[in-house]
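Q: All I have is the shape, not the residue letters:
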């Protein structure tokens, strides 16, 4: 029985690769003939960037153009994407894979639609490269919209493009960005965010989420949905970055030893009485003085720290055990499953049941 080829939900390797020779040859040759105008996208690389920050968005634009052709929407501009670095040639990424830049900084002419600056663990250091920052500033002034993947926000910030804007970045680097650029409103809970013509995205794979949003903006939901199905990703990922972040990174330098010791105790005893009065008693202080000292040393209130410690403990149990949610809620100090559910929705934008479904250890299957 032949498979119907028009439904994107039924896409297979054969449907993508065996229509008229290779898929790439098919798409490139037919698009060149049928789509007369393209949106030019520049993916800006630097040595040590993350390979997925580049390949993820590039694949989104490629498959979006494929489905644009399949759906007959040749009246809308498609995409032409350029890989840009200081000079043309191979750029070594964090994992060792080299990506060949097709253009140097000086090679791009006017007509740029979208500039996307990729990220990586060394983005903060890369943002101190004057040539890179000047290139971003120059290209941004000529582009319709500008975006960053992951920690590429550091480079946009260094170029002066994020002043007084709300942005997101990889949750692990959000506090560093906020401290380095106090005029920027950094929200690490978001997968991606648009502020005017500036688009920023969270950690690494969030570049795919952002690119799908750009495709939907340009070509409509039908094409974005078909592209997401092909890549086997959510068209709009449920929840935010908070579900992936770790609150329990509390070994800060410079905090009083007794406060650090208390925080360690809280992390190990989430089911205990963690009220301000109970914690103050452990410290031999009045509740008012204790609360004031804790906040001045850590930047958190005791209640907020205790809530996050309980949430982290519950996440570990959801990931690593088969205990019922109600039992975990009691063991972690929430009292009942409904209170834990409300906390998870507020902190992580997912329910405990959904969190377990996404992050449960494969060893428990």
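A: Structure received. In this text, all values refer to a predicted model and were calculated from it rather than measured experimentally.

Q: Show the contacting residues for the residue lying closest to residue 314 once chain neighbours are set aside.
A: Take residue 314 and drop its neighbours on the chain: the residue closest to it by Cβ to Cβ, 6 or more residues apart in numbering is residue 332, 4.4 Å away. Backbone N, C-alpha and C define where each C-beta goes, glycine included. Residues near residue 332 by Cβ atoms under 8 Å, 6 or more residues apart in numbering: 270, 271, 310, 311, 313, 314, 317, 340.

Q: Let's see that with 6 Å instead.
A: With contacts taken as Cβ atoms under 6 Å, 6 or more residues apart in numbering, residue 332 has the following neighbours: 270, 310, 313, 314.

Q: what's the farthest-apart pair in those residues?
A: When Cβ to Cβ is used, the two most widely separated members of those are 270 and 314, lying 7.8 Å apart.

Q: the helices in the stretch 151-300 of the chain, which residues?
A: Listed from the start of the chain, the stretch 151-300 of the chain has helices (DSSP state H, counting those that start in this stretch) covering 153-158, 174-180, 206-219, 221-231, 257-268, 276-283, 287-298.

Q: who's in contact with the helix or strand that contains residue 305?
A: When elements are assigned from DSSP states H and E, residue 305 belongs to helix 302-320. Residues external to helix 302-320 that are found in contact with it (Cβ under 6 Å, 6+ apart): 247-248, 266-267, 270, 274, 276, 279, 291, 294, 323, 328, 332-333, 343, 347, 355-356, 359-361.

Q: for the residue of the chain most remote from its centre, what are its contacts?
A: Within the chain, residue 284 marks the point farthest from the mean C-alpha position, 42.9 Å out by Cα atoms, centre = their mean. Taking Cβ under 6 Å, 6+ apart, we find residue 284 in contact with no residue.

Q: Can I get the buried part of the contacts of residue 332 as one PyMOL selection?
A: Isolation of the buried members of the contacts of residue 332 (16 or more other Cβ atoms under 10 Å) is achieved in PyMOL through the command below:
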select buried, resi 270+310+313+314
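
Q: now the contacts of residue 332 in CSV, with distance to residue 137 and pLDDT?
A: Listed next are the contacts of residue 332 as CSV, based on distance: Cβ to Cβ, whole Å; pLDDT from 0 to 100:
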residue, distance to residue 137, pLDDT
270, 47, 90
310, 45, 93
313, 45, 88
314, 45, 91
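
Q: Do you know the pLDDT at the residue nearest to residue 314?
A: According to the predicted model, the pLDDT of residue 332 comes to 93.

Q: Please apply the same query to residue 52.
A: Residue 52 is assigned a pLDDT of 95 by the prediction.

Q: Which helix or which strand is home to residue 41?
A: Assigning secondary structure by DSSP H and E places residue 41 in strand 38-44.

Q: I'd like to know which elements that strand is packed against.
A: For strand 38-44, the packing partners by 3 or more Cβ pairs under 6 Å, 6 or more residues apart in numbering; DSSP states H and E come out as strand 78-84, strand 112-117.

Q: and that strand, average pLDDT?
A: Average pLDDT, strand 38-44: 94.

Q: Please work out the angle formed by the directions of it and strand 78-84.
A: Computed with axes from the mean of the first three to the mean of the last three Cα atoms, to 10 degrees, the direction of strand 38-44 lies at 20 degrees from that of strand 78-84.

Q: Strand partners (parallel or antiparallel) of strand 38-44?
A: Within its sheet, and counting by DSSP bridges, strand 38-44 is paired with strand 78-84 (parallel), strand 112-117 (parallel).

Q: Next, the angle from the last one to helix 206-219.
A: Angle of strand 112-117 versus helix 206-219, following the same axes, to 10 degrees, is 170 degrees.

Q: which outside residues touch strand 112-117?
A: Residues outside strand 112-117 that contact it (Cβ under 6 Å, 6+ apart): 39-44, 136, 139-140, 142-148, 152, 155.

Q: Next, the buried residues of the helix or strand following it.
A: Sequence-wise, the next helix or strand downstream of strand 112-117 (DSSP H and E) is helix 123-126. Taking 16+ other Cβ under 10 Å as the neighbour-count basis, helix 123-126 is seen to contain the buried residues 123, 124, 126.

Q: Relative to residue 290, how far out is the last one?
A: Summarising the geometry, the distance separating residue 126 from residue 290, computed by Cβ to Cβ, to the nearest Å, is 43 Å.

Q: can you check residue 88 too?
A: Between residue 88 and residue 290 the computed distance is 61 Å (Cβ to Cβ).

Q: how near is residue 291 to residue 123?
A: 37 Å.

Q: likewise residue 300?
A: Residue 300 sits 27 Å away from residue 123, taking Cβ to Cβ as the criterion.
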